[in-house]
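# this one's sequence-less:
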DNA sequence: CATGAATGAGGTTTCATTCAT
DNA sequence: CATGAATGAAACCTCATTCAT
């Protein structure tokens, strides 16, 4: 999986049949990653499960890396959508409520497809250039920074950027670890309260 | 890299020449991982860089997985030694000081060989059974739990185990991210203070 | 050559091009086994001689063992076909004639590709599970048993099963040894008569 | 295991310690072949089990092939000793008794170390030049020929050489198959009688 | 003579990718 | 555009053998 090869999709899926094929392939890849793990997810196997020929797969993705990146993009976008929606909803609430809501929301977002999330996250370094991973995370942090800046007056922290870095990674890690290592925590209200407490006491 | 194969070292390095060879191989592996990345670290390349034949490499490590695990073990042990030493030193200090000391210590531990640490951590799922990774982390958490229990009366948190989980992963992540993504933070006193603040406000 | 790996053909040779490739590979393997011996028959060499890439070889055979088993199967099937045909032809003849006919037939069957037969037979224990070898032989014995049971009244032996074991192995060995060690015997009418005599005097 | 390399023992085991070492190595090889199979019998493993260094092993055997040939030679010699002794004992008895005695004797000889016998026999083509295997067998046949010639007047067969070929291979195979495939036959008196009957009816 | 660390040619196998049909 | 047979670089690993100590 050479990192230097082109990774932009080969052809815009402008026609509906193409979009179907792309979806099929991505869904097949997701299924195999979830059920059989990263090492079993060969391009031939993905094509087979998607019901298309390996040649067709390469019509839509220039290489395996691009396929995995597209899947990651899709997955991350879905998760981000949930989170952004929540951020908007809590925009007017008290920060205290907002933080608790964000924690709940993150945990739920991670609970929706935890196995795929785990596999993609663990193996991302193998198929994504580091800059891209960084970009994704920077995106999250920027979102949080923007939100916190609006509420700057209510916060005890001075350096908003650094606080965003800290808060984002902390929340991301704790939800991720809960999802992948301590799934008992995922729906444990006590855990949610504690994580929220950690953030509240720091920020407020 | 089959996860099911034996991974215990093949030959006890009882003689000094053997110990040298083992060290050479591990150092060569570390060097390649640091400078050229995980995918370039093939057994042949490692042997070549170590100045030994591929056969010799396999005299001391039954397979590639075992080699990487040994290197990880070595690296983790070195880091743990620093941390445990620090934990003992701060045992008698005020919790507030202790927390700050631990944060400093973790950041310094991560600063010693950050690139190797990053590569090993990112690719660990490829060569270590998940249980083993878990064990390593559980070890850290147990250490923290034991320490916090001694100071239980000074803490505002009730559930020490959960607090240990939260505190350990938070500290681990923030130092790790600082080391791998924002090396500017590594020696920024402000960052150290903020991370310590996050933990202090939660625990005390 | 791991005995535990899957050995069923990987891809049905449904298309004519595939069937050609499979035949090419098997013929190349047979040629090398005959001309250069078992130890020279590496997968790379077989592919090279077949004029296909090593990858193609592994498209059709999951591993070397499977390839050798397929070749053995093909060879044995060809020989069995001759023998079964002969058994049917002699079903109505006198036992005395039948025995002589079978001896002739076995010798001729062994004469068709004696070198390949020798190599495959000698090295079978290296690539076939013992049960499979046993099965092949049990198949022969069952055939003979069935035939002898029909003629039970003409025989002086009581224990038909044991007699089949004895007769089958005796005939198989003598023809095989003649083919591989004393090829002079292969077409020597005197030898055929003597072997037939051995069996006739025992059975009748 | 190159067939072209020198195979004569490197040094005559004239000194008693040397002879011990040689015996140790051969016994270790036999043990591994019996218990773990041919593919596990590497030179390093044999040396280890024999309690000598791999270097020492190569003091006494120029290569692996020579070692295996020596072991085979030893094993065959032991079996031949039993058979020759029996041949002498029965020299004066009636041929009918002699044949039965030989059958019994062969079955018992095969019963003494059947697993080693099986492994050596099955894999002999891998480490012995074909001529040598042939020589061993020709030795047996010559023995039988000599014996039968003495009794020529009592026999109904004309061509003694051919009869020896037939009788020897038949008896060898039936006892070998009994030992390796139908161990029930090994001590079944009925089987012994049948095999003897086969030979008696042919010869007498 | 003994040792055992070192050697390295060469084996089997995988899998991302191409291209003739 | 779809197909899927074919490709082949490159990975991991073994084991008979040597030779400096």
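Nice, I can see it. None of these values were measured; they are calculated from a predicted model. Numbers count the residues shown, from 1 in each chain, chains lettered A, B, ... in the order given.
# who are the neighbours in contact with residue A:50?
The contact partners of residue A:50, by CB atoms under 8 Å, 6 or more residues apart in numbering or on different chains, come to A:21, A:24, A:25, A:27, A:28, A:29, A:57. Glycine gets a C-beta too; all of them are placed from N, C-alpha and C.
# one more time with 7 Å
A:24, A:25, A:28 (CB atoms under 7 Å, 6 or more residues apart in numbering or on different chains).
# how about the first one, phi and psi?
Here the main-chain torsion angles of residue A:24 (degrees, to the nearest 10) amount to phi -60, psi -50.
# per-residue confidence at it?
On the pLDDT scale, residue A:24 is placed at 95.
# likewise residue A:83?
Confidence score, pLDDT, at residue A:83: 84.
# How about residue A:46?
97.
# any idea how far it lies from residue C:59?
18 Å (CB to CB, to the nearest Å).
# And these two? Which one has more around it.
residue A:46 (28 against 16; other CB atoms under 10 Å in any protein chain shown).
# Check which helix or strand the more buried one maps to.
Taking DSSP states H and E as the criterion, residue A:46 maps to helix A:43-50.
# Buried residues, that helix. List them.
Across helix A:43-50, burial judged by 16 or more other CB atoms under 10 Å in any protein chain shown covers A:43, A:46, A:47, A:49, A:50.
# That helix close to DNA strand E?
Yes. Applying CB under 7 Å from any atom of the strand, one finds helix A:43-50 touching DNA strand E at A:43, A:44.
# Next one: the top helix by length along chain A, is it in contact with DNA strand F?
In terms of residue count, the longest helix belonging to chain A (DSSP state H) is helix A:64-89. No. Residues of helix A:64-89 contacting DNA strand F under CB under 7 Å from any atom of the strand: none, with a closest distance of 12.6 Å.
# related to what we said a few turns ago, which of the contacts of residue A:50 has the most neighbours?
That'd be residue A:25 among those, by other CB under 10 Å, with 25 neighbours.
# That one - nearest residue in space that isn't next to it in sequence?
residue A:50 (4.6 Å; CB to CB, 6 or more residues apart in numbering or on different chains).
# separation between the one you found and residue A:75?
For residue A:50, the distance to residue A:75 - CB to CB - is 17 Å.
# where's the residue of chain A most remote from its centre relative to chain C, distance?
Relative to the centre of chain A, the most outlying C-alpha is that of residue A:153, 30.2 Å out, by CA atoms, centre = their mean. Using CB to the nearest CB, to the nearest Å, we find residue A:153 at a distance of 66 Å from chain C.
# Might one say that residue A:86 is in contact with residue A:101?
Yes. Residue A:86 lies in contact with residue A:101 (CB atoms under 7 Å); the separation is 6.2 Å.
# So is the helix or strand harbouring residue A:22 next to DNA strand E?
Using DSSP H and E, residue A:22 sits within helix A:16-36. No. Helix A:16-36 does not reach DNA strand E (CB under 7 Å from any atom of the strand); its nearest approach is 11.0 Å.
# Now the one residue in chain A that gets nearest to chain C. Nearest residue, chain neighbours left out?
The nearest approach of chain A to chain C comes at residue A:44, 10.4 Å away (CB to the nearest CB). Residue nearest to residue A:44 in three dimensions, not counting chain neighbours: residue A:54, with 5.4 Å by CB to CB, 6+ apart.
# what about that neighbour, how many residues close to it?
So residue A:54, with other CB under 10 Å, has 14 neighbours.
# how about it, what does it touch?
So residue A:54 contacts A:43, A:44, A:47 (CB under 7 Å, 6+ apart).
# for residue A:154, same thing?
Residue A:154 neighbours (CB under 7 Å, 6+ apart): A:95, A:204.
# Look up the pLDDT of it for me, please.
pLDDT, residue A:154: 93.
# From residue A:95, how far off is it?
5 Å.
# do residue A:142 as well
19 Å.
# Compare these two (neighbour count), which wins?
Comparing residue A:142 with residue A:95 by neighbour count (other CB under 10 Å), the higher total belongs to residue A:95, at 17 against 13.
# thought that one was touching residue A:204?
Yes. Here residue A:95 lies in contact with residue A:204, judged by CB under 7 Å, at a distance of 6.4 Å.
# Which elements pack onto the particular helix or strand that has residue A:111 in it?
Residue A:111 is part of helix A:95-112, with elements assigned from DSSP H and E. Applying 3 or more CB pairs under 7 Å, 6 or more residues apart in numbering or on different chains; DSSP states H and E, one finds that helix A:95-112 contacts helix A:64-89, helix A:160-181, helix A:189-203.
# what is the orientation angle of the helix holding residue A:46 with helix A:16-36?
110 degrees (axes from the mean of the first three to the mean of the last three CA atoms, to 10 degrees).
# Next SSE downstream of helix A:43-50?
Next element after helix A:43-50 (DSSP H and E): helix A:54-60.
# Do you know the pLDDT at the residue nearest to residue A:65 when sequence neighbours are not counted?
Leaving out its chain neighbours, the residue that sits closest to residue A:65 by CB to CB, 6+ apart is residue A:127, at 4.9 Å. Per-residue pLDDT puts residue A:127 at 91.
# quick one: contacts for the residue nearest to the spatial centre of chain A?
Closest residue to the average C-alpha location of chain A: residue A:76 at 3.3 Å, with CA atoms, centre = their mean. Counting by CB under 7 Å, 6+ apart, residue A:76 touches residue A:136.
# Can you give me the neighbour number for residue A:108?
Around residue A:108 there are 16 other residues, counting by other CB under 10 Å.
# gap between it and residue A:178?
From residue A:108 to residue A:178 the distance is 11 Å (CB to CB).
# so where's chain A shaky on pLDDT?
A:1-19 (pLDDT under 70).
# residue in it nearest to DNA strand F?
Per CB to the nearest atom of the strand, residue A:55 is where chain A lies closest to DNA strand F, at 2.1 Å.
# Pick the most deeply packed of the helices and strands packed on helix A:95-112.
helix A:160-181 (a mean of 21; mean count of other CB atoms under 10 Å in any protein chain shown).
# Could you list the residues of chain A in contact with chain B?
By the rule CB under 7 Å from any CB of the partner chain, the part of chain A lying against chain B is A:122, A:125, A:134, A:159, A:162, A:165-166, A:169-170, A:173-174, A:177, A:181-182, A:190-191, A:194-195, A:197-198, A:201-202.
# Also near chain C: which of those residues, exactly?
Counting by CB under 7 Å from any CB, no member of the residues of chain A next to chain B is near chain C.
# Now for the nearest residue to residue A:98 once chain neighbours are set aside: which residues touch it?
Nearest in space to residue A:98, with sequence neighbours left out and distances taken as CB to CB, 6+ apart, is residue A:90 at 3.9 Å. Counting by CB under 7 Å, 6+ apart, residue A:90 touches A:97, A:98, A:101, A:102.
# Tabulate these in JSON lines, adding columns for distance to residue D:147 and neighbour count.
Converted to JSON lines, these look like this (distance: CB to CB, whole Å; neighbours: other CB atoms under 10 Å in any protein chain shown):
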{"residue": "A:97", "distance to residue D:147": "106", "neighbour count": "12"}
{"residue": "A:98", "distance to residue D:147": "105", "neighbour count": "20"}
{"residue": "A:101", "distance to residue D:147": "101", "neighbour count": "16"}
{"residue": "A:102", "distance to residue D:147": "99", "neighbour count": "21"}
